[in-house]
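Asker: Next one to model:
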Amino acid sequence: MLQILILDDHKDAREALSQKLSEEVGLEVSALPASAPEAVSEALSASPDVVLMDTKTRLGSGLKLCREVVTEKPSVNVLILTSCASQSEIEQFDKIGVAGCLFKDLETSTLLKAIRSL
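Answerer: The predicted structure follows:
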């Protein structure tokens, strides 16, 4: 069972994504933190298999949050979910070791394939 933590500053987005993923066999949403400190704490202590993280958030710097999780818990796969990212931002995320960068408008099947490939 893959454990997933979802970080998004929009409650409705977190809950909708959680609902979709929870319906899938072999996936379990283990946390829906509402703040950056809570997300980092959960990622470091609970060690989910995957962190789905919106980096365009009022919860804190997406790059800083990713770096903290990837550095402290390299076994946790961080997938970026964003509505927009420049090539420079994608390169920065790649350099710190995130598992991938996906756009929020993707099909659910594409997200599931990305999660299961980790």
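
Asker: Let's see the pLDDT reported for the closest residue to Met53 other than its chain neighbours.
Answerer: If the residues on either side of it in the chain are set aside, Met53 comes closest to Leu7, at 4.6 Å by Cβ to Cβ, 6 or more residues apart in numbering. Heads up, the C-betas are built off the backbone N, CA and C, glycines and all. Confidence per residue is given as pLDDT, and for Leu7 that number is 87.

Asker: any idea how far Leu7 lies from Leu52?
Answerer: Shown here: Leu7 relative to Leu52, a distance of 7 Å by Cβ to Cβ, to the nearest Å.

Asker: and Ser75, how far is that from Leu63?
Answerer: In this structure, Ser75 and Leu63 are 20 Å apart, going by Cβ to Cβ.

Asker: More neighbours: the two, which one.
Answerer: Taking other Cβ atoms under 10 Å, Ser75 and Leu63 do not tie; Leu63 has more neighbours (16 against 8).

Asker: isn't that one right up against Ile96?
Answerer: Yes. The pair Leu63 / Ile96 is scored as a contact, 7.3 Å apart, by Cβ atoms under 8 Å.

Asker: Do a quick rundown of the strands in the protein.
Answerer: 2-7, 27-31, 50-54, 77-82, 100-103 (DSSP state E).

Asker: Bridge partners for the residue nearest in space to the middle of the chain, pull those for me.
Answerer: Among the residues of the chain, Leu52 comes closest to the average C-alpha position under Cα atoms, centre = their mean, at 1.4 Å. For Leu52, the beta-bridge assignment (DSSP bridges) gives partners Ile6, Leu79.

Asker: That's all I had, so thanks and see you.
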